[in-house]
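**Q** Kindly return the folded structure for what I paste below:
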Amino acid sequence: MFYKPVLFLLLTFLSVGSFAGKLTCQPFTDMVNLGNFKSGQIANGTLIEFQCLVNTSIPYGSAITYQRTSFGTAETNVTPLMYPATLPPISEADSGTYTYCYRDQTCTYRALSKGQYFSLKLYYANNTLGAKPGQYVGQMTLYQTPLRSQGPREQVVTFNYYYSIDALPCNLGSKAYEVPLNNLDNRLQDNPYGTASIILNCPSASEISVRLAPSDGQIVNSAQGISSTSLSGLNMQVKWNNQEAISFNSNYVKKLNTGQNNLEIRFYPKLASATAQPAGSFRSNYTLTLDYK
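**A** Numbers count the residues shown, from 1 in each chain. I've put the predicted structure just below:
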C-alpha cells in the first residue's frame, strides 16, 4: 500500500506562479508530482518544462539560478539540471538580493535579446533519495540572475513539487505458521492457548497496517475475534499478546523497527455453548494481511 499524499491544503497558502520582469516563463503551475520511489533509490527524471519569453534585453548576460525549500521535517533531495545542454547550466543561488550564484564560479551567463523565446526544461539525475518512507514536499524558485554589477536578480517562477518514498517490505520469517495446541480437556478448564510468533526482518523503520480474518471458519463474534473451527461445538478466539481481542477485518497500526520484529498472536479455544462437549481433532485457518504505509 503506497503512502498517500495528504499535504495539499497546506500548499494552498503558498505563493506560486510567474512574475513580470525581464524574463517570463509559463505554464503557471503550483504542484509537480514526481511519483513514487523506493527507499534510497537513485532517481532520474524530468522535473518541469517552461516556455520563456525575454521581455527586456539583457546584453551583458544572465544566468538561471534556483533556491529550494523543504516543508515539514523531511528534507527534499532534488537538485535540478538544465536541458538542453546549449542553455547555461542552472546554479544554486544564495539568499542575497544582489546575488550572483551560490558559488559564483559555477555561473554561466548568456546574453538574452528582447522577444527571444526559449524552452527551459529542468530535470534531475543521480539524486540519491532518503531512506525514510513518507512524502517529501518542496518548493523551488527560479531567478534571472544578471552578470555582476548589472542589477539585482529577478524572481521568474515558483512551483511546488512532491514525491513519495515507499517503505521497503519486511522479510517474513515464514508465510505459513502452524500453531499446535496438543491434547485439550473438552471443558477447557485451564484456558489453554497456542501462540504464533510472526517474525519480520525490516530494512528500515516503518509502519504497517495489520488485518486478520478467518479463512474458512464462520465468524461468531467479529469484535471479539471469535470464529468457528472445523469441530462442532468448538470456537476459536484470537488475541494480541496483551490480551486485547483482535477484531476481524479491523486495521491495527504497528510500528516496526529496523531489524527483527515480532508480532505475537494467541489462539484460545472456546466452547460454543455451556453444554458443548466437543471431541476429536480440529483446525482453524486465518489470513494475516500486512499493508505498508
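**Q** Show me where the stretch 1-150 of the chain has its strands.
**A** Along the stretch 1-150 of the chain, counting by DSSP state E, counting those that start in this stretch, strands occupy 17-18, 23-26, 32-38, 42-54, 58-71, 81-83, 91-92, 110-112, 117-128, 134-146.
**Q** Just say which of those strands is most tucked in.
**A** strand 134-146 (a mean of 22; mean count of other C-beta atoms under 10 Å). (Glycine included, C-beta is placed from N, CA and C.)
**Q** hmm, back to that, now the strands of the stretch 1-150 of the chain as JSON lines including mean pLDDT and distance to residue 263?
**A** What follows is the strands of the stretch 1-150 of the chain, written out as JSON lines (pLDDT from 0 to 100; distance: least, C-beta to C-beta, whole Å):
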{"stretch": "strand 17-18", "mean pLDDT": "42", "distance to residue 263": "49"}
{"stretch": "strand 23-26", "mean pLDDT": "84", "distance to residue 263": "52"}
{"stretch": "strand 32-38", "mean pLDDT": "85", "distance to residue 263": "24"}
{"stretch": "strand 42-54", "mean pLDDT": "82", "distance to residue 263": "32"}
{"stretch": "strand 58-71", "mean pLDDT": "77", "distance to residue 263": "34"}
{"stretch": "strand 81-83", "mean pLDDT": "52", "distance to residue 263": "44"}
{"stretch": "strand 91-92", "mean pLDDT": "66", "distance to residue 263": "45"}
{"stretch": "strand 110-112", "mean pLDDT": "75", "distance to residue 263": "60"}
{"stretch": "strand 117-128", "mean pLDDT": "75", "distance to residue 263": "32"}
{"stretch": "strand 134-146", "mean pLDDT": "82", "distance to residue 263": "22"}
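**Q** Reformat those strands into TSV and put distance to residue 288 next to each item.
**A** Converted to TSV, the strands of the stretch 1-150 of the chain look like this (distance: least, C-beta to C-beta, whole Å):
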stretch	distance to residue 288
strand 17-18	49
strand 23-26	52
strand 32-38	24
strand 42-54	33
strand 58-71	36
strand 81-83	45
strand 91-92	48
strand 110-112	61
strand 117-128	34
strand 134-146	25
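**Q** Out of those, which gets nearest to residue 280?
**A** Within the strands of the stretch 1-150 of the chain, the stretch nearest residue 280 is strand 32-38; the backing value is 49.7 Å (C-beta to C-beta).
**Q** Partner strands of the closest one and their direction?
**A** strand 154-166 (parallel) (DSSP bridges).
**Q** what angle do the partner strand and strand 117-128 make?
**A** 40 degrees (axes from the mean of the first three to the mean of the last three C-alpha atoms, to 10 degrees).
**Q** which residues touch the closest residue to residue 250 other than its chain neighbours?
**A** Nearest non-adjacent residue to residue 250, counting by C-beta to C-beta, 6 or more residues apart in numbering: residue 211, 6.9 Å away. Contacts here follow C-beta atoms under 8 Å, 6 or more residues apart in numbering; on that basis residue 211 touches 249-252, 288-289, 291.
**Q** residues in contact with residue 229?
**A** By C-beta under 8 Å, 6+ apart, the neighbours of residue 229 are 217, 235-236, 269, 282-284.
**Q** which non-adjacent residue is nearest residue 203?
**A** residue 168 (4.8 Å).
**Q** you'd agree the one you found is up against residue 38?
**A** Yes. Using C-beta atoms under 8 Å, residue 168 is in contact with residue 38, at 6.6 Å.
**Q** Which stretches in the protein count as helices?
**A** Here the chain has its helices, by DSSP state H, at 8-11.
**Q** Pass me the low-pLDDT residue ranges in it, would you?
**A** 1-20, 72-109, 125-127, 129-131, 147-151, 293 (pLDDT under 70).
**Q** rewinding a little: show me which pair in the contacts of residue 229 is furthest apart.
**A** Taking C-beta to C-beta, no two of these sit farther apart than 235 and 283, at 12.9 Å.
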